[in-house]
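>>> sequence first, predicted coordinates after that:
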Amino acid sequence: MFSNPLVYTDGGYFKDQQGRVLRLRGVNATGDAKVPPFIGIREATELDVLPQWGINTLRLLFTWEAFQPNSKEEYNQAYLDYYQQVVQWAAERNLYVIVDFHQDAFSRYSIKGCGEGFPAWAVHSSIRLSEPRNDQSCESWGVQMIFDWKHHRAWHHFHRDSEGARSAYLEMVSQVVKALRSYKNVIGYEMMNEPWGTNAELSSMYHDVANAVRVQHPEAILFVAPHALLSSGLLKNSMDKPNLTNFAYAPHFYDPFVIMTKIWFGNSVQNPLIEMLNQAQQWNVPMFLGEYGAPASTVGVRGYTKNLYDWLDRYAVSGAHWNYTPGWHAESKDGWNYEDLSIVDDAGRLRPNFQLRPYPVATSGEPIELSINLKSQSHDMVYRWHNDPALGATEIFMPLPWQNSHYHLSSAGGVCEREPYMLVCVVPEAGPVTLTVESR
């Protein structure tokens, strides 16, 4: 079915070329790629540290306005060249890339200049354009877009292709996919970030975008995002299963109270995320949590972040943390709407809204259970899986603080070898296996 892709979907799992269950532990790049000059990764070395943090996937923002700033007939080749360069840098560091066709609230020229994504010419001519701002005055952009009638009018005309913006979007996607299909580390495309529209409108759009992708890159994974408002976790998805193959359900999750108040009240993320996982399971596809995170200044942010990662580990769900912005600045924060969710500061140091922890990158067989206990003076991990020796080794990411930990494998014939940031375990017999890792 596929021409030997690096990653494909099989039921509820992502799998690699060997048929091992693959965990995509990703990060979004970057917060400041939404605004001019639309350049988020400036040097190849900015990607060097990601594998050391266990990140194996980039959800890489692609901004339509940057590619077609002036008209539907004109493409900015320099922007596409830049994007391809970052994809190549990622390949050199063994990072998968998910191409994220990104927008928020339609355009920088909508919701009082606080959106991003679509070029000005794609906003319907009946709507008066706003001057782009994207500064601290736009911090409440998520609420603004809900009540801005011009925002809803823009989507109304887009889905009806009133002035050709929808057709132009499909052609843009086709051009981008054609340019990127030769990069083997491009494993898939998120067809639109946090869209607006009725279920019928979104289903129709995804059908057409999928066709545009498949013509150029038939083996790519399609990442299907629900309506933007579902990211709050307060609403359930009622969209019918798309008539697609090799696709993943890609919701986002932001606790609205954490985002608005910058305080975590200790509530669990369990209920909203389980609803999202149930949707993926009903469709029999993997879940990829395309965005999650919190402002670094959030009160209780370490506990909230641990809560998120504990859930991802418990249910073997892949995802991409929002966000990695090497250009973060103390004054402008992530560089768009005064958001402050970058996992690094201006010196490239990790901030408290990210958690460095081990996880099974590739499992030879089916995952059963993963638990991680992070203590102040020690730490331990227990991973159980049903081993299939024909698939090869099971690989566990081990961050630097875990490098010298003791490990025990329940299989008498099995052995684990230490590699840089990895524990590689080979078990010759089939059946349940338990790996225990304890700090010294």
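Alright, I've got the coordinates.
>>> can you list the low-confidence ranges for the stretch 1-150 of the chain?
1-3 (pLDDT under 70).
>>> residue ranges of the helices in the stretch 51-200 of the chain, please?
Under the criterion DSSP state H, counting those that start in this stretch, helices of the stretch 51-200 of the chain are mapped to 64-67, 77-92, 141-147, 149-159, 165-180, 199-216.
>>> which of those sits closest to residue 301?
helix 141-147 (18.7 Å; Cβ to Cβ). (Each C-beta comes from the backbone N, C-alpha and C, glycine too.)
>>> show residues contacting the closest one.
Helix 141-147 is contacted from outside by 104-106, 111-112, 114-115, 138, 151, 228-229, 259, 337, using Cβ atoms under 8 Å, 6 or more residues apart in numbering.
>>> any of those residues buried? List them.
Buried subset of the contacts of helix 141-147 (neighbour count, 16 or more other Cβ atoms under 10 Å): 104-106, 111-112, 114-115, 138, 151, 228, 259, 337.
>>> go through stretch 275-287 and flag the buried ones.
Across stretch 275-287, burial judged by 16+ other Cβ under 10 Å covers 275-277, 279-281, 283, 285-287.
>>> of the residues you listed, which belong to strands?
Among the buried residues of stretch 275-287, none falls in strands (DSSP state E).
>>> sorry, back to before: nearest to residue 81, of the contacts of helix 141-147?
When the contacts of helix 141-147 are compared for distance to residue 81 (Cβ to Cβ), residue 104 wins out at 24.7 Å.
>>> pull the contacting residues for the residue lying closest to that closest one once chain neighbours are set aside.
Nearest residue to residue 104, sequence neighbours excluded (Cβ to Cβ, 6 or more residues apart in numbering): residue 116, at 5.3 Å. Contacts here follow Cβ under 8 Å, 6+ apart; on that basis residue 116 touches 34-35, 63, 65, 102-105, 107-108, 134, 336.
>>> make TSV out of those residues and add distance to residue 438.
Below are those laid out as TSV (distance: Cβ to Cβ, whole Å):
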residue	distance to residue 438
34	43
35	46
63	46
65	51
102	41
103	46
104	44
105	48
107	52
108	51
134	48
336	42
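>>> ok, of these, which one's closest to residue 89?
Distance to residue 89, by Cβ to Cβ, is smallest for residue 63 among these, at 18.2 Å.
>>> what's around that closest one, how many residues?
25 (other Cβ atoms under 10 Å).
>>> residue 198 now?
A count of nearby residues for residue 198, using other Cβ under 10 Å, gives 12.
>>> also the one 5 residues further on?
Neighbour count of residue 203, defined by other Cβ under 10 Å: 17.
>>> mind checking how far it is from residue 34?
According to Cβ to Cβ, to the nearest Å, residue 203 and residue 34 sit 27 Å apart.
>>> and what of residue 204?
Distance, residue 204 to residue 34, by Cβ to Cβ: 26 Å.
>>> the residue lying closest to residue 435 once chain neighbours are set aside pairs with what?
Distance criterion Cβ to Cβ, 6+ apart; nearest residue to residue 435, sequence neighbours excluded, is residue 383 at 4.8 Å. Counting by DSSP bridges, residue 383 forms beta bridges with residue 370, residue 435.
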